[in-house]
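Student: no sequence on this one, just coordinates:
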């Protein structure tokens with residue numbers, strides 16, 4: 001995960017910065033959940049996010065997939081030695 005200094009992004013204010021920090025932690029949040037986290041109404045959050053999309057500040061969302069499918073499973077290496085038929 002990369003660290004971004006949101007205050008260095010041109011054209012955003014403190015509320016845009018709060019929105020970006022919120023969705024950086026969980027991009028699957030609804031507009032309602034984001035609005036509760038940043039202290040704005042749902043329509044205001046939606047409008048700000050659409051504006052940031054239009055400006056290219058938000059380029060998209062991504063899913064990071066764990067190739068093993070889980071983090072806490074049992075992992076092992078099995079070494080099998082066989083002998084040819086005698």
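Tutor: On my side now, so go ahead. Since the model is a prediction, treat every value here as computed from it, not as a measurement.
Student: what about residue 41, distance to residue 4?
Tutor: 25 Å (Cβ to Cβ, to the nearest Å). For glycine as for every other residue, the C-beta is placed from the backbone atoms N, C-alpha and C.
Student: ignore the last one, residue 17
Tutor: Residue 17 is 10 Å from residue 4, by Cβ to Cβ.
Student: try residue 59
Tutor: 13 Å.
Student: if you count what's nearby, which of the two comes out ahead?
Tutor: residue 4 (11 against 8; other Cβ atoms under 10 Å).
Student: Now do the SS call for the more buried one.
Tutor: Of the three states, residue 4 takes coil under DSSP: H, G, I helix; E, B strand; the rest coil.
Student: residues in contact with residue 16?
Tutor: Contact partners of residue 16, counting by Cβ atoms under 8 Å, 6 or more residues apart in numbering, are 9, 48, 52, 57.
Student: shouldn't the second one be in contact with residue 20?
Tutor: No - proximity of residue 48 to residue 20 does not meet the contact threshold set by Cβ atoms under 8 Å, at 9.7 Å.
Student: of those two, who's got more company?
Tutor: Taking neighbours as other Cβ under 10 Å, residue 48 and residue 20 compare with residue 48 leading, 23 against 20.
Student: element containing the more buried one?
Tutor: If you go by DSSP states H and E, residue 48 is part of helix 42-55.
Student: gap between that helix and the chain center?
Tutor: 17 Å (Cα atoms, centre = their mean, to the nearest Å).
Student: Show me the shaky parts of the chain.
Tutor: In the predicted model, the chain carries pLDDT under 70 at residues 1-3, 69-79, 81-82, 86.
Student: Give the burial count for residue 84, as a bare number.
Tutor: Around residue 84 there are 4 residues (other Cβ under 10 Å).
Student: hmm, I was thinking of residue 31
Tutor: Based on other Cβ under 10 Å, the number of other residues close to residue 31 is 18.
Student: and if you look at residue 64?
Tutor: 5.
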